[in-house]
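Peer 1: With the input below, show me the fold.
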Amino acid sequence: MKFSLTGKDPKSSARAGVLSTDHGEIHTPIFMPVGTAGSVKAVHQRELENDIKAEIILGNTYHLYLRPGIELLQTAGGLHAFNGWRKPILTDSGGYQVYSLSETRKIKEEGVTFKSHIDGSKHIFTPENVMDIQRAIGADIVMAFDECTPYPCEYKYAKKSMELTHRWLDRCITRINETDPYYGYEQSLFPIVQGSVYKDLREQSAEFVASKNLSGNAIGGLSVGEPHEDMYEMTSLVCNILPQDKARYLMGVGTPENILECIALGIDMFDCVMPTRNARNGMLFTTEGIVNIRNEKWKNDLSPIDEALGGYVSTFYSKAYLRHLIISKEILGAQIASIHNLTFYLWLVKEARNRIMDGSFTAWKAQMVKKVATRL
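Peer 2: Below is the predicted model:
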């Protein structure tokens, strides 16, 4: 895996780059649609590639491990062959899902024991078997196994958790180095910076992660309920420590406003379930602001969903028709809204990239941050 910078904004830390993988190039800044169980909800692969123009999607180790199971994925030839997506895939290690299962999991030095949310069966994730599982899934980018601390979080716990994450990272690196990919293409490990909202812990973690000199780096444990100001402060601090020549991935972020602000701080990669989850509930992100399509004001609005955005779905269907589908709980409504929101997110990062390249990013971002946060 190779990351090369192709442009920098003169007035911020925003940058444009290209991340090259065996399944294709990823042009950064990039947003990665979340396909937790091997599917981006309500969207099929042809739409992801042709309409939304996604360059990479996510899968999740926890969910894919439980269902359909690693044996079937191996028999199929990996997730790319199983779901028909031929471009890059990143897999989350399952650390965040384990974090969310606080009532049914136990964290020890060896790893984490947990109960399946499907049938209550008991399982264990260790740094070693999580690497093996991600090898079998076949992701181009595999994430280190970490513990994601909640917010708020006491300093003592955040420090203990960070140190555990660091020890687990060393074990992940050892396991990756002593194993080979299953399917004949490169799989690159990204470590994760933790430390909650404590500056000294974030600095320590960022320095530890940077010292490993891996293919790229991630920032975890943010967007878990902390104020946006804290998120931005921790992101800026970490970006000033992580190496310039490696891709930086801010996990689980976020709103269009969050993405724009964090691009300005030096982040290259983002993911979030928000565009698809909110779409299914009738919330649309547009070039002019946020639309709650369920509102009565859109009932007779026959204008396109977002003509300025372009794309078949956003220009062909009217707000009134989409509202009718959402109110009627028609499956097509969730599909149209999901495709539209993802199209917007990919447009946003592509436009940010173009603005970085031509030197107008900072002025454009100041205007867009206001627009994307406005409720219409």
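Peer 1: what bits of the stretch 101-250 of the chain have low per-residue confidence?
Peer 2: Residues of the stretch 101-250 of the chain meeting the criterion pLDDT under 70: 101-104.
Peer 1: All the strands of it, residue numbers only.
Peer 2: Chain-ordered strands for the stretch 101-250 of the chain, with DSSP state E, counting those that start in this stretch as the definition, fall at 105-107, 112-115, 122-125, 141-143, 188-190, 192-193, 216-219, 247-250.
Peer 1: ok, and what's touching the third one?
Peer 2: Where contact means C-beta atoms under 8 Å, 6 or more residues apart in numbering, the residues beyond strand 122-125 that reach it are 62, 65-66, 94, 98, 110-116, 145. The C-beta positions use only the backbone N, C-alpha and C, and glycine is treated the same way.
Peer 1: Now do it: distance to the chain's middle.
Peer 2: 24 Å (C-alpha atoms, centre = their mean, to the nearest Å).
Peer 1: repeat for the second one
Peer 2: Averaging C-alpha coordinates over strand 112-115 and over its chain gives two centres that are 24 Å apart (C-alpha atoms, centre = their mean).
Peer 1: Leaving out chain neighbours, which residue sits closest to the residue of the chain most remote from its centre?
Peer 2: Centroid-distance maximum for the chain: residue 300 at 35.6 Å, with C-alpha atoms, centre = their mean. Nearest residue to residue 300, sequence neighbours excluded (C-beta to C-beta, 6 or more residues apart in numbering): residue 320, at 5.8 Å.
Peer 1: circling back to that earlier point, check the strands of the stretch 101-250 of the chain for me and report the most buried one.
Peer 2: When the strands of the stretch 101-250 of the chain are scored by mean count of other C-beta atoms under 10 Å, the highest mean neighbour count falls to strand 192-193 (a mean of 30).
Peer 1: Given that one, what are its sheet partners and their directions?
Peer 2: strand 216-219 (parallel) (DSSP bridges).
Peer 1: Name the residues that touch the strand it pairs with?
Peer 2: 1, 3, 19, 141, 143-144, 188, 190-193, 209-210, 234-235, 238, 242-243, 246-251, 267, 269.
Peer 1: Show me which positions of the helix or strand residue 80 falls within end up buried.
Peer 2: Per DSSP states H and E: residue 80 is located in helix 79-83. The neighbour-count check on helix 79-83 (16 or more other C-beta atoms under 10 Å) flags 79-80, 82-83 as buried.
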